[in-house]
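Visitor: structure for this input, please:
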Amino acid sequence: MIQTARLTLRPAEPGDLAALHAIFTDPVAMRHWSHPAHEHLEQTAARLEGFIRAERELGPELMILHDGQLIGRAGMWREWEVGYLLAPAAWGHGYATEALTALCAEAFARHPACAALTADIDPRNIGSARVLEKCGFTVTHHAANTFCINGEWSDSTYYCLPRPAAP
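Guide: Take a look at the predicted model:
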């Protein structure tokens, strides 16, 4: 578990299902995600199981809580790629930046062989681009038509955060 100034980041638990489902079924939250909003609880249950497994196998994969309420997740879903998702009610408060900063520090601490972390976002997701830039990520390249969600193609912008130099 990681405590930041305003957040608690902890591994996923089976009891997170309802709160995660509320986020994963929200079309606004899922607008720039790599798959469409969930329609069934079973989809979210499978994703939650994936988060639990990812924490054990690669980690960190963490749920983001504010005042005890689950507001999102941040984690590594591929070797060394980070991702995050917050409920729209949590947008605009700096929580994503705070969580991603903690996640990156934890990822570098857990994985000494990791030279850099990466991220992939839809370039239309201006808020996410700002979060990555605030956390020190820089753009490496762009690619067209990388995801097709509900018949709509989106592009990708790729970011990189090199491991900080040792003090």
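Visitor: what does the residue nearest in space to the middle of the chain show for phi and psi?
Guide: The residue lying closest to the centre of the chain (C-alpha atoms, centre = their mean) is residue 84, at 1.3 Å. Dihedral angles of residue 84 (phi, psi; degrees, to the nearest 10) stand at phi -160, psi 160.
Visitor: same question for residue 88.
Guide: The phi/psi pair for residue 88 (degrees, to the nearest 10) is phi -50, psi -30.
Visitor: my guess is residue 99 contacts residue 84. True?
Guide: Yes. If you go by C-beta atoms under 8 Å, residue 99 and residue 84 touch, sitting 6.4 Å apart. No exception for glycine: its C-beta is placed from N, CA and C like everyone else's.
Visitor: now the strands: where do they sit in the protein?
Guide: Assigned by DSSP state E, the chain shows strands spanning 2-3, 7-11, 61-66, 69-78, 81-86, 116-121, 138-149, 152-162.
Visitor: so what sits against both of residue 99 and residue 84?
Guide: When C-beta atoms under 8 Å, 6 or more residues apart in numbering defines a contact, the residues bordering residue 99 and residue 84 alike are 64, 72, 74.
Visitor: what's the burial count for the last one?
Guide: Read that as residue 74. Number of residues near residue 74 (other C-beta atoms under 10 Å) recorded here: 28.
Visitor: my guess is it contacts residue 97. True?
Guide: No. Assessed by C-beta under 8 Å, residue 74 is found out of contact with residue 97, at 10.6 Å.
Visitor: residue 82 touches residue 117, doesn't it?
Guide: Yes. Counting by C-beta under 8 Å, residue 117 is a contact partner of residue 82 at 5.4 Å.
Visitor: overlap in contacts, these two.
Guide: Joint contacts of residue 82 and residue 117 (C-beta under 8 Å, 6+ apart) are 76, 104, 107.
Visitor: now those residues in JSON lines, with neighbour count and pLDDT?
Guide: Shown next, in JSON lines, are the shared contacts of residue 82 and residue 117 (neighbours: other C-beta atoms under 10 Å; pLDDT from 0 to 100):
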{"residue": "76", "neighbour count": "26", "pLDDT": "92"}
{"residue": "104", "neighbour count": "22", "pLDDT": "97"}
{"residue": "107", "neighbour count": "21", "pLDDT": "96"}
